[in-house]
Structures are given as structure tokens and as C-alpha cells.
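In: Structure, please.
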Amino acid sequence: MKILIAENFTALLEKEDIDKITVKQLIEECHISRQTFYYHFRDIMDVLEWTFRRAATEAAEQSLESENHLDALRIFTSFVAENKNKLDRLVNSKNWIQIEGILVESVAMYLGKIARSKFSDIEISYDDMEMMLRFYASGMVGVILHYNRKNQLDEEKLIRQIEKIITGKIYPAQYS
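Out: You can find the predicted model right below:
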């Protein structure tokens, strides 16, 4: 049922701003009762958060199957490009602060799944790992939204630049 609600929500988000999507409209699209909706979700923002988490989990699973970290980043940037219209609608929301937090949290979850799987031998404290994930997630969300707004999202260039940042090639350790 949650998947049905999320898919209908995503379809509505293709057509209209999140601020205009109502629970009433969503339950009509899903052909479910209000009670069924509230059994699964608190409100529209809860649907958005669950949908992002699900998408981040799916993207992470695909990324974990990739040959290398560039292909993993390619999966992420492709997802962003495919959802450009939805992101544009979210940026203009009156709930943007909350939405940005959900985006950052979803990207941090995505990066965490990859880091724990592909780099499990790295010795780092939990607190440092959480800080690193938030830092990279905030940066990735900010950069992607910046270029997405300008309609200048060159996926390959972005992938290479993010890879340089993550590996320390843009900001070499000798300058730290």
C-alpha cells in the first residue's frame, strides 16, 4: 500500500507543485480511504520522506552492483537528471527547509550504504563517519540543485568533479 501511495504521489509531483498536492487528492488517485492513508503516513511530507528513502535505498543497491565508484556516482547523477522536474517543484516549496533536510538525509543514507559496503576496512569512528556523510551529502545536494536550477547539469563532468573531491584530488592534503 505504501508503494502504491508513493507511486501516485510521484506521478502527481510530475504535474504539480508539492504545496498543491493534498491528502484528499492523493487518496482519490490511489482509490483508497483517508483512514488507509493515515494508517501508513502522517501527511504529504511523510510520503515525500518515505519516497526519498526508498529511492535512495534502490539507488544504493544499484550502486553497490557497479564496477567502480565512478559508475556508482553515475547511477546517482542519472537519478537526479531523470527527476529534474520533480526537484524543480520541490525547490519552490514553502516547506523547502524540511525538503532539503530530507534530501540531505536520503543522500547521506545512500552514501553510508555504499561506504559501509565498499569501504568496510576503513577505520573511522561512528561520529566521524556521520559527520563525513552529512558533509558530502550536503555538498552533493547543494551542487546538484545549483546546476539543476541553471539547466547546466553536465553529468559526466559532475561525476568526475565529485570523485576528485571525495578522493582529495581537488583539495590535496598538502594544503590542509
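
In: okay, and for the chain, where does confidence drop off?
Out: Within the chain, the set of residues satisfying pLDDT under 70 comprises 118-120, 152-153, 171-176.

In: ranges for the helices of it?
Out: 2-15, 23-30, 34-40, 44-64, 69-82, 84-91, 96-118, 126-149, 155-167 (DSSP state H).

In: Now stretch 116-135: buried residues?
Out: 132-134 (16 or more other CB atoms under 10 Å). Quick note: C-beta positions are derived from backbone N, CA and C, even for glycine.

In: er, stretch 162-170 actually
Out: Of the residues in stretch 162-170, those buried (16+ other CB under 10 Å) are 162-163, 166.

In: And that stretch, how far out from the chain middle?
Out: For stretch 162-170, the gap between its own C-alpha mean and the chain's C-alpha mean amounts to 20 Å (CA atoms, centre = their mean, to the nearest Å).

In: contact partners of it?
Out: With CB atoms under 8 Å, 6 or more residues apart in numbering as the test, stretch 162-170 has contacts from 69-70, 73, 136, 139-140, 143, 161, 171.

In: picking that back up, between the buried residues of stretch 116-135, which is nearest residue 46?
Out: When those are compared for distance to residue 46 (CB to CB), residue 134 comes out closest, at 21.7 Å.
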